[in-house]
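Asker: Got a sequence here, can you model it:
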Amino acid sequence: MPKLEDLLEVAYKKERTSSRRLAKNLALSTEDALRQTLQTAAGNQSLAELISSRKQQKADVATKIAHRKQMTTEARAYKRNAAQPDPAAWLAWFDGTSHPNPGKMGVGGILRNPNGDLTRISFAAGQGDSSEAEYRALIAVLQAALAVRPAKLVIYGDSRVVLDDVQAENGATILSHHRIQARQLIAQLENPALIWIPRRKNAAADALSQQAVKPAVICGEQ
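Answerer: Below you'll find the model as predicted:
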């Protein structure tokens, strides 16, 4: 039988008010009145099913709120850290795609020096999923940067999976080979910054990755 704390957790404000009125009119305990009120609201469901359903709804709402907060935090970080990079820094963007997922992988990347000169990267990378394609794109950009060894480097990507994984102490086992390779390259550079950006801000790298698997795609400028 559901406990009082479970009933209180899922009861709406109007139901609590109704149960208090019911308890007063019928001389019921708070728990019995609330249980009766919720059982009426449950209809054909059992009381346990109603409680489980409402708890799931609350969890879903909490997840959505947390996601919105995360997006807001990341957007503010982007405006603070990515919108106005150091003019002396080299900038890079990476993106990987897989058609279908998993399927044929395409790698795209851009390396831009402080004068605005661009090095574009675009090639097919065999078969794999989108996370592997993103990692291959990051590795390709790191390799291009290592060829010039910039004193300052900021790398932008829209893959939270890869950016979180490459900076984690213990990342995903399935991505460990790519993480090791990427971290070895990062260690040879002057502490590059890895920054998440919204996908819409990564259009040029995305176009290059799409071009690698769909040659008809026309690349835009970053």
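Asker: so where do the helices sit in the chain?
Answerer: Per DSSP state H, the chain carries helices over the ranges 4-10, 13-26, 30-42, 47-77, 130-148, 160-166, 176-187, 203-213.
Asker: can you redo those as a markdown table with mean neighbour count?
Answerer: Where you see a C-beta, it was placed from the backbone N, CA and C, and this is true even at glycine. Output for those, formatted as a markdown table (neighbours: other CB atoms under 10 Å):
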| stretch | mean neighbour count |
| --- | --- |
| helix 4-10 | 15 |
| helix 13-26 | 14 |
| helix 30-42 | 18 |
| helix 47-77 | 12 |
| helix 130-148 | 22 |
| helix 160-166 | 19 |
| helix 176-187 | 16 |
| helix 203-213 | 23 |
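Asker: worst average pLDDT in these?
Answerer: Of all the helices of the chain, helix 47-77 carries the lowest average pLDDT, namely a mean of 84.
Asker: can you state the direction angle for it and helix 30-42?
Answerer: 80 degrees (axes from the mean of the first three to the mean of the last three CA atoms, to 10 degrees).
Asker: what number of residues lie near residue 115?
Answerer: Around residue 115 there are 5 other residues, counting by other CB atoms under 10 Å.
Asker: same thing with residue 126?
Answerer: Using other CB under 10 Å, residue 126 is surrounded by 9 other residues.
Asker: can you pull the contacts of it?
Answerer: 104, 105 (CB atoms under 8 Å, 6 or more residues apart in numbering).
Asker: change it to 7 Å
Answerer: residue 105 (CB atoms under 7 Å, 6 or more residues apart in numbering).
Asker: same thing with residue 56?
Answerer: Applying CB under 7 Å, 6+ apart, no residues qualify as near residue 56.
Asker: distance of it from residue 211?
Answerer: Here the criterion is CB to CB, to the nearest Å. By it, residue 56 lies 43 Å from residue 211.
Asker: And for residue 149?
Answerer: For residue 149 relative to residue 211 (CB to CB), the value is 28 Å.
Asker: One more: residue 107?
Answerer: Taken as CB to CB, the span from residue 107 to residue 211 is 10 Å.
Asker: How about residue 203?
Answerer: 12 Å.
Asker: which residue sits closest to the residue positioned nearest the centre of the chain, ignoring its sequence neighbours?
Answerer: Compute the mean C-alpha point of the chain, and by CA atoms, centre = their mean the closest residue is residue 160, 4.8 Å away. Closest residue to residue 160 apart from its sequence neighbours, by CB to CB, 6 or more residues apart in numbering: residue 196 at 6.0 Å.
Asker: State the number of residues packed around that neighbour.
Answerer: 19.
Asker: Check residue 171 too.
Answerer: Residues near residue 171, counting by other CB under 10 Å: 18.
Asker: residue contacts, it?
Answerer: Counting by CB under 7 Å, 6+ apart, residue 171 has contacts 165, 179.
Asker: about what we covered before: spit out the residues that contact residue 107 and residue 211 alike.
Answerer: By CB under 7 Å, 6+ apart, the residues touching both residue 107 and residue 211 are residue 122.
Asker: residue contacts, residue 199?
Answerer: Residue 199 sits in contact with residue 158, where contact means CB under 7 Å, 6+ apart.
Asker: May I have the distance across stretch 197-208, first residue to last?
Answerer: This stretch, stretch 197-208, spans 17 Å end to end (CA to CA, to the nearest Å).
Asker: Kindly apply the preceding question to stretch 161-172 instead.
Answerer: First-to-last residue span, stretch 161-172, CA to CA: 9 Å.
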